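A.B. asks: give me the fold of what follows.
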Amino acid sequence: MMRLLRQHGWVVGLSALLMALFVLTKLIQPSYGAGDFGSLVRAVLPYAFAVAAQTVVVIAGGIDLSVAAMMALTSVTAAAMMAGASEEYALFVVPFVLALGFTLGALNGILIVVSRVPDIVVTLATLFMLQGAALLVLPAPGGGAAEWLKNLIVGTVPIPILPDDATDWFPKALLLLVVLLCAVWIPLKRSRLGLSIYAIGSSQLAAFRSGVPVARTKILAYAIGGLFGAMGGLSLTMSTGIGAPIPGPYLMASVAAVVLGGVVLGGGKGGLLGPIIAVFVLRLARTILTLLAIDPNVTAIVEGSILVAVVMFGAFIAMRSRSK
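C.D. replies: Numbers count the residues shown, from 1 in each chain. All right, here's what the predicted structure looks like:
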């Protein structure tokens, strides 16, 4: 047990912080219940996928500034394709949009590898490209979504062995998040590709000398990030029933959650569980500020200050790890 705590102490600490925030929320608003928790999970859903996308790229030693724009483009693409279409047509739209995200992510990786321009510059350029493409697909919020797709994140999961009160606390959105993240992350981390991603994040030169295909691994890391970004775009369309071409506040939040979750910005260290818990911590902190009736402008300042502090702390840790 002590060994497990030493290995995963950061995640355990984040989990304890999350539980403390839930207790504080309950003290502030005693009526906080299963319905409020379900709303929190649905609000977290797109952030969680954005964080997953950023996590894979950061572990590989990179950064993706285009994740929010990619989510916007995949969201409006899905909404435009499903507008007025049959329910069955969404069965084609979903894999198409996921493939689109994978391809766009791979394009980011290819541009970085071929041009040898820093990740931050390339993804900043593709950010503007994807923003423009999203506005071409839908100049204004609109489109539609299949009912069965929206129902995947509405309501709770019936669990026969649990009492009704306990079942109410397990929303469908949480199940969808866990299933999709595990379906990609667990096989990835246990595969040779996953080991290669960690290797190039630790040291590209050492990885190259060990026979790791650095260029291909980096491209695939960005492609998997694009896949998670497409999941985030689909979750936006599922949540609202429409597509919005203007990227949401997912970029800075994703970087902050990655750092808060214990992933080193220099790459090579960290996992996915910590950043996902960090997303819930950040969103629940915002909920608490709202419940305290703090001015929305002050809330934005506090939230922004937390994000900046977390990112600066992550940069400090990254610089220390490189100097060792």
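A.B. asks: show me what counts as buried in the helix or strand encompassing V56.
C.D. replies: For V56, the host element (DSSP states H and E) is helix 34-59. Within helix 34-59, the residues that count as buried by 16 or more other Cβ atoms under 10 Å are 37-38, 40-59. Placement of C-beta: from N, CA and C, glycine included.
A.B. asks: next one: stretch 219-238
C.D. replies: Going by neighbour count (16+ other Cβ under 10 Å), the buried part of stretch 219-238 is 219-238.
A.B. asks: and what about P245, helix, strand or coil?
C.D. replies: Under DSSP: H, G, I helix; E, B strand; the rest coil, P245 falls in the coil class.
A.B. asks: return the residues in contact with it.
C.D. replies: Residues in contact with P245 (Cβ atoms under 8 Å, 6 or more residues apart in numbering) are 72-73, 76, 131, 134-135, 137-141.
A.B. asks: how does it look with 6 Å?
C.D. replies: Taking Cβ atoms under 6 Å, 6 or more residues apart in numbering, we find P245 in contact with 72, 76, 134-135, 138.
A.B. asks: now it, what are its backbone angles?
C.D. replies: Note on P245: backbone dihedrals following degrees, to the nearest 10 are phi -80, psi -10.
A.B. asks: kindly report the same for L292.
C.D. replies: phi -80, psi 0.
A.B. asks: skipping its backbone neighbours, what lies nearest it in space?
C.D. replies: In this structure, L292 finds its nearest non-sequential neighbour in I28, 6.6 Å apart by Cβ to Cβ, 6 or more residues apart in numbering.
A.B. asks: and the strand or helix carrying L236, what does it pack onto?
C.D. replies: Under the criterion of DSSP H and E, L236 resides in helix 214-240. Contacts defined by 3 or more Cβ pairs under 6 Å, 6 or more residues apart in numbering; DSSP states H and E place helix 214-240 against helix 34-59, helix 67-82, helix 90-115, helix 192-202, helix 204-209.
A.B. asks: and that helix, how far out from the chain's middle?
C.D. replies: With Cα atoms, centre = their mean, to the nearest Å as the basis, helix 214-240 stands 9 Å off its chain's centre.
A.B. asks: could you point out the helix or strand that follows that helix?
C.D. replies: Sequence order places helix 250-260 as the next helix or strand after helix 214-240, per DSSP H and E.
A.B. asks: what helices and strands are in contact with the very next helix or strand once past that following helix?
C.D. replies: Using DSSP H and E, the helix or strand that follows helix 250-260 in sequence is helix 273-291. Contacts defined by 3+ Cβ pairs under 6 Å, 6+ apart place helix 273-291 against helix 9-28, helix 34-59, helix 250-260.
A.B. asks: how about helix 273-291: buried residues?
C.D. replies: Quick answer for helix 273-291 (16+ other Cβ under 10 Å): 273-289.
A.B. asks: which stretches of the stretch 1-150 of the chain have low pLDDT?
C.D. replies: Along the stretch 1-150 of the chain, segments meeting pLDDT under 70 span 1-8.
A.B. asks: mind doing that once more with 90?
C.D. replies: In the predicted model of the stretch 1-150 of the chain, residues 1-17, 30-39, 83-88, 90, 140-146, 150 satisfy pLDDT under 90.
A.B. asks: pull out the CA atoms of stretch 118-137 and give them to me as PDB.
C.D. replies: Extracted C-alpha coordinates of stretch 118-137, given in PDB (Å, rounded to 0.1, in the frame of the first residue of the first chain):
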ATOM      1  CA  PRO A 118       8.500  24.000 -33.000                       C
ATOM      2  CA  ASP A 119       5.200  22.500 -32.000                       C
ATOM      3  CA  ILE A 120       3.900  25.700 -30.500                       C
ATOM      4  CA  VAL A 121       4.400  27.600 -33.800                       C
ATOM      5  CA  VAL A 122       2.900  24.900 -36.100                       C
ATOM      6  CA  THR A 123      -0.200  24.300 -33.900                       C
ATOM      7  CA  LEU A 124      -0.700  28.100 -33.500                       C
ATOM      8  CA  ALA A 125      -0.900  28.300 -37.300                       C
ATOM      9  CA  THR A 126      -3.300  25.300 -37.600                       C
ATOM     10  CA  LEU A 127      -5.400  26.900 -34.800                       C
ATOM     11  CA  PHE A 128      -6.300  29.700 -37.200                       C
ATOM     12  CA  MET A 129      -6.700  27.400 -40.100                       C
ATOM     13  CA  LEU A 130      -9.200  25.200 -38.200                       C
ATOM     14  CA  GLN A 131     -11.000  28.200 -36.900                       C
ATOM     15  CA  GLY A 132     -11.500  29.500 -40.400                       C
ATOM     16  CA  ALA A 133     -12.600  26.000 -41.600                       C
ATOM     17  CA  ALA A 134     -15.200  25.800 -38.800                       C
ATOM     18  CA  LEU A 135     -16.700  29.100 -39.800                       C
ATOM     19  CA  LEU A 136     -16.900  27.900 -43.400                       C
ATOM     20  CA  VAL A 137     -18.800  24.800 -42.300                       C
END
